[in-house]
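Participant: sequence? don't have it. structure:
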């Protein structure tokens with residue numbers, strides 16, 4: 001499952017930069033989103049740099065990483081950031097979204113074939129996306 005990760009540029013959730021694509025091996029949307037969240041966080045290294053020895057956060061399934069500035073790695077995915085999941089309409093029903101939304105602390109809605117996964121604190125999931 002392909003997930004595009006966007007980081008808020010103003011920490012207010014009004015402007016975003018696309019940071020990467022995560023090619024999660026899971027078929028379950030919730031598990032794929034958790035995978036994308038895990039591998040766009042700096043826990044034991046840097047998720048965005050593959051030049052660090054023993055870097056437990058680097059993952060070859062995270063691709064199309066935005067260019068690094070001054071050699072520094074990107075920050076972790078957090079509040080006000082967005083994840084867009086590419087799914088086939090036939091694979092994800094309205095009922096599945098309702099069930100997932102009721103079990104999650106995240107806001108989820110569907111527009112065509114994308115699932116918008118909004119980290120807590122977000123209030124307008126469409127405006128400002130680059």
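Facilitator: Arrived safely. What you see is a predicted model; the values in this text were computed from it and never measured.

Participant: alpha carbons only for contacts and neighbour counts from here, please
Facilitator: Will do.

Participant: hey, where'd the helices end up in the protein?
Facilitator: 29-38, 94-103 (DSSP state H).

Participant: least reliable of those helices going by mean pLDDT?
Facilitator: Per-stretch mean pLDDT for these is lowest at helix 94-103 (a mean of 52).

Participant: what's around residue 47, how many residues?
Facilitator: Using other Cα atoms under 10 Å, residue 47 is surrounded by 24 other residues.

Participant: and it, what pLDDT?
Facilitator: Residue 47 is given a pLDDT of 97.

Participant: now do the contacts for it.
Facilitator: 39, 40, 41, 57, 58, 59, 73, 74 (Cα atoms under 8 Å, 6 or more residues apart in numbering).

Participant: how much space between it and residue 14?
Facilitator: 24 Å (Cα to Cα, to the nearest Å).

Participant: rounded mean pLDDT for stretch 63-78, please.
Facilitator: So the average pLDDT for stretch 63-78 ends up being 92.

Participant: who touches that stretch?
Facilitator: By Cα under 8 Å, 6+ apart, the list of residues contacting stretch 63-78 reads 7, 18-23, 37, 40-42, 46-49, 119.

Participant: quick check on the residues you listed: which are buried?
Facilitator: Among the contacts of stretch 63-78, the ones that count as buried by 16 or more other Cα atoms under 10 Å are 7, 18-23, 37, 40-42, 46-49, 119.

Participant: fine by me, thanks again.
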